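Novice: Provide a 3D model corresponding to the input given below.
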Amino acid sequence: MAQDDFDDLLEQFLVHIGVERGLAASTVAAYTNDLHRYIAWLAGQGKTRISQVETADVEAFVASRGEVSPRTRARELAAIHELHRFACSQGIVPADVSERVKPPKAAKDLPEVLTIDEVSSLLEAASVGEGTDPISLRDRALLEFMYASGARVSEAVGTNLGDIDLENRLTRLMGKGSKQRLVPIGSFAVEAMERYLNAGRGPLMRKAKGTPELSAVFLNKRGRRLSRQSVWEILQTTAKRAHITKKIHPHSLRHSFATHLIQGGADVRTVQELLGHASVTTTQIYTHISPVGLIEAYVSAHPRAR
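Specialist: Numbering: from 1, shown residues only. Down below sits the predicted model:
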């Protein structure tokens, strides 16, 4: 068997990390699975020896794993780096061709979370003057609805009259992949929605030229369905009026919704369902607990923290 044959090399490598380096059994098992996947992929490209592998092959494998999370791809690449470094250290190959391959970029920073007081200030600022004109009624109802339901911007602007049940305080949201979910909405949002539907939506609808928008809940000044760009502008204007200096984005209300639920004691699985996430892992990354919350949890739970 050739020295650079993958089967022989992998066996040597696993002995090295498990016995000589003493890595944990769980780490060895994870590396074994990751490297079997990598080697099988290379075999599909006609590469059965490590001496045949080039940097472009490593990059192509990492790119092929786009369906998994950046964290998983980073772990797989770490195993690949270890294998190539080992082969190089043993004189099996002259250089580590994986050295220049970097792990996938981490996800973009999540939008800043508003405190509960900041959310209250934002919602109050949506009402200009007496807050009885159609635009003020709409803006207050829109932002209350988004914070109460955790709706994505696309879900909020896509909401139709038939999707809301104010009597039972429920709304149906159409999420990614046309997946529907029922989400409760609180009394503040219900009240704001009732005011808008009773006194704001009609005047806006009558401004439509041609066929009026009969189904959409949230309308623009021309009586048509509100756009996502318009929601961004409404939020920016309202945040400025509320003297909020944080850099916020329409997703900030969704993120604040999730974070405040977690801080209030909701379990992650429940928040996952409310957000419409396919995987709880996404919810765990998406939500976070503030340092204050961590300290409070530690003090209340640790037997020697008091």
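Novice: Only C-alpha atoms from now on, for both contacts and neighbour counts.
Specialist: OK.
Novice: In this structure Val231 contacts His249, no?
Specialist: No. Using C-alpha atoms under 8 Å, Val231 makes no contact with His249, being 9.5 Å away.
Novice: Report the residue ranges of every domain in the protein.
Specialist: 6-89, 116-299 (automatic domain parsing).
Novice: Can you say which of those domains is nearest to Lys102?
Specialist: For the domains of the chain, proximity to Lys102 was assessed by C-alpha to C-alpha; domain 6-89 is nearest, at 8.0 Å.
Novice: Please save the CA atoms from the helix or strand harbouring Leu14 in PDB.
Specialist: Of the helices and strands defined by DSSP states H and E, Leu14 is found in helix 6-15. Taking only C-alpha atoms (Å, rounded to 0.1, in the frame of the first residue of the first chain), the coordinates of helix 6-15 have been written out as PDB:
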ATOM      1  CA  PHE A   6      -5.700   7.900   2.200                       C
ATOM      2  CA  ASP A   7      -6.700   4.700   4.000                       C
ATOM      3  CA  ASP A   8      -3.200   4.200   5.400                       C
ATOM      4  CA  LEU A   9      -2.700   7.900   6.100                       C
ATOM      5  CA  LEU A  10      -6.000   8.200   8.000                       C
ATOM      6  CA  GLU A  11      -5.200   5.200  10.200                       C
ATOM      7  CA  GLN A  12      -1.900   6.700  11.100                       C
ATOM      8  CA  PHE A  13      -3.400  10.100  11.700                       C
ATOM      9  CA  LEU A  14      -6.100   8.800  14.100                       C
ATOM     10  CA  VAL A  15      -3.600   6.900  16.100                       C
END
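Novice: Show the subsequent helix or strand relative to it.
Specialist: Once helix 6-15 ends, the next helix or strand along the chain (criterion: DSSP H and E) is helix 25-44.
Novice: now that following helix against helix 6-15, angle please.
Specialist: Relative orientation of helix 25-44 versus helix 6-15 (axes from the mean of the first three to the mean of the last three C-alpha atoms, to 10 degrees): 160 degrees.
Novice: average pLDDT across helix 25-44?
Specialist: The average pLDDT within helix 25-44 is 93.
Novice: Mind listing residues that contact that helix?
Specialist: 6, 14, 17-18, 48, 57, 61, 76, 79-80 (C-alpha atoms under 8 Å, 6 or more residues apart in numbering).
Novice: list the helices and strands the next helix or strand after it packs on?
Specialist: Downstream of helix 25-44, the first helix or strand assigned by DSSP H and E is helix 55-64. The elements that helix 55-64 packs onto, with contact taken as 3 or more C-alpha pairs under 8 Å, 6 or more residues apart in numbering; DSSP states H and E, are helix 25-44.
Novice: Could you give me the buried positions within the helix it packs on?
Specialist: 28, 31-32, 34-35, 38-39, 41-42 (16 or more other C-alpha atoms under 10 Å).
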